[in-house]
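**Q** only geometry, no sequence info:
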């Protein structure tokens, strides 16, 4: 599986984990996968605090995965040398307001004192800074799949904050849902009648993907843009020559995918997809109040997810409605098997 998709899948799975061992295992797996990402995509974590010797990552603004950066020696078989020196991140602890600092076991061959010093200092920074979440967005570099005919941005594929010029993937595909994430159902689908087979829910995600594929054409093209404070974008890298160098903000879909389609049924399918993604789309910093209000209403159907990520919302239009969702989530969690 692609590392970025795998990391995102791990992040979503944490919501359903119940024991500390399960959560720690998922975090350790996330650390390993994180190192497999391309440098320009490693900033995909929603909130990041960095120093020279450590970093803290969070996907919900409440639970922070603290890592220390250490120098280690590894065998480089490609050059037949005995050992080479590299710097990598190792897990140190998980921190939250509710639980405090929970240490994870460290390899005794590592420089324990160096790791402890850097990570402890980072834990203090996290405690002092987490009230400022969400931090100002720094992922100004975005890769967009382009409309085949208009050659305008059509679907966001990835983003990051790395300033170096990134490359454009040769095999480009936009996915509506992650592997294992099969709960996308249209608004009119009857609920409460028991589990829905994954194959049945996947067809709705696949329909949206097919709309994007049709709009992108047989050979999808993409381009990296750097966005400014106004939302305008400048082309950094593209596979083909584009008829523009800069685009105004209006050229980029507000909800990362167009909401206007020639066929009414297609437009409704995308609208339902946006409604399903509402808990995540509410994290976007630059959407109109009208769109944000609609997303808040749509997010009511996924109260548990809203509870996990609402700390990353830059603005709330209807505080009473948001509080109602959080209360609903608490009630639903309290009735889960195994909860006190």
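**A** Looks like it arrived, so ask away. Here the structure is a predicted model, which is why all the values come from computation and not from measurement. Numbering: from 1, shown residues only.
**Q** could you use CA atoms for every contact and neighbour count after this?
**A** Will do.
**Q** pretty sure residue 329 contacts residue 307?
**A** Yes: assessed by Cα atoms under 8 Å, residue 329 is found in contact with residue 307 at 6.4 Å.
**Q** now do the helices in this structure.
**A** 3-13, 20-34, 112-129, 198-216, 264-276, 278-281, 289-298, 303-309, 319-334 (DSSP state H).
**Q** adding mean neighbour count, distance to residue 239 and mean pLDDT, write these out as a markdown table.
**A** Shown next, in a markdown table, are those (neighbours: other Cα atoms under 10 Å; distance: least, Cα to Cα, whole Å; pLDDT from 0 to 100):
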| stretch | mean neighbour count | distance to residue 239 | mean pLDDT |
| --- | --- | --- | --- |
| helix 3-13 | 17 | 22 | 52 |
| helix 20-34 | 16 | 27 | 57 |
| helix 112-129 | 17 | 40 | 86 |
| helix 198-216 | 17 | 14 | 79 |
| helix 264-276 | 18 | 27 | 92 |
| helix 278-281 | 22 | 28 | 92 |
| helix 289-298 | 16 | 33 | 96 |
| helix 303-309 | 20 | 35 | 89 |
| helix 319-334 | 15 | 43 | 91 |
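**Q** for the ones you listed, give me JSON lines that also has distance to residue 95.
**A** JSON lines is the format used below for the helices of the chain (distance: least, Cα to Cα, whole Å):
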{"stretch": "helix 3-13", "distance to residue 95": "16"}
{"stretch": "helix 20-34", "distance to residue 95": "12"}
{"stretch": "helix 112-129", "distance to residue 95": "7"}
{"stretch": "helix 198-216", "distance to residue 95": "34"}
{"stretch": "helix 264-276", "distance to residue 95": "30"}
{"stretch": "helix 278-281", "distance to residue 95": "23"}
{"stretch": "helix 289-298", "distance to residue 95": "28"}
{"stretch": "helix 303-309", "distance to residue 95": "15"}
{"stretch": "helix 319-334", "distance to residue 95": "21"}
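**Q** of all these, which lies closest to residue 66?
**A** helix 112-129 (6.6 Å; Cα to Cα).
**Q** where in the stretch 101-250 of the chain is pLDDT low?
**A** 136-138, 162-171, 178-202 (pLDDT under 70).
**Q** run the last query once more with 50
**A** 189-198 (pLDDT under 50).
**Q** hey, where'd the strands end up in it?
**A** 141-146, 153-160, 222-227, 233-238, 246-247 (DSSP state E, counting those that start in this stretch).
**Q** nearest to residue 101, out of these?
**A** strand 153-160 (28.4 Å).
**Q** that closest one pairs with which strands?
**A** strand 141-146 (antiparallel) (DSSP bridges).
**Q** so what angle separates the directions of the strand it pairs with and helix 198-216?
**A** Angle, strand 141-146 to helix 198-216, by axes from the mean of the first three to the mean of the last three Cα atoms, to 10 degrees: 80 degrees.
**Q** quick one: strand 141-146 to strand 233-238, angle?
**A** 80 degrees.
**Q** residues contacting strand 141-146, please?
**A** Contacts with strand 141-146, where a contact means Cα atoms under 8 Å, 6 or more residues apart in numbering, come from 152-163, 168, 172, 174, 216, 220-227.
**Q** and stretch 90-109, end to end?
**A** 12 Å (Cα to Cα, to the nearest Å).
**Q** now do the buried residues in it.
**A** For stretch 90-109, a neighbour-count test (16 or more other Cα atoms under 10 Å) marks 90-96, 101 as buried.
**Q** again with stretch 52-60
**A** Neighbour counts using 16+ other Cα under 10 Å place 53-60 of stretch 52-60 among the buried residues.
**Q** what does that stretch contact?
**A** By Cα under 8 Å, 6+ apart, stretch 52-60 touches 11, 45-50, 64-70, 89, 118-119, 122-123, 126, 308-312.
**Q** change it to 6 Å
**A** Residues from elsewhere that reach stretch 52-60, judged by Cα atoms under 6 Å, 6 or more residues apart in numbering: 45-49, 64-69, 118-119, 309.
**Q** make CSV out of those and add distance to residue 270.
**A** Shown next, in CSV, are the contacts of stretch 52-60 (distance: Cα to Cα, whole Å):
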residue, distance to residue 270
45, 26
46, 24
47, 28
48, 31
49, 35
64, 33
65, 34
66, 37
67, 39
68, 42
69, 42
118, 46
119, 44
309, 23
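**Q** among the strands of the stretch 101-250 of the chain, which is nearest residue 266?
**A** strand 153-160 (14.9 Å).
**Q** next, the angle from that closest one to strand 222-227.
**A** If you take the same axes, to 10 degrees, strand 153-160 sits at 70 degrees to strand 222-227.
**Q** circling back: so which of the helices of the chain gets nearest residue 238?
**A** Once these are compared by Cα to Cα, helix 198-216 is nearest, at 14.6 Å.
**Q** just want the angle from that closest one to helix 264-276.
**A** Using the same axes, to 10 degrees: helix 198-216 against helix 264-276 is 120 degrees.
**Q** in terms of secondary structure, what does helix 198-216 contact?
**A** Here helix 198-216 touches no other helix or strand, going by 3 or more Cα pairs under 6 Å, 6 or more residues apart in numbering; DSSP states H and E.
**Q** great, nothing more from me.
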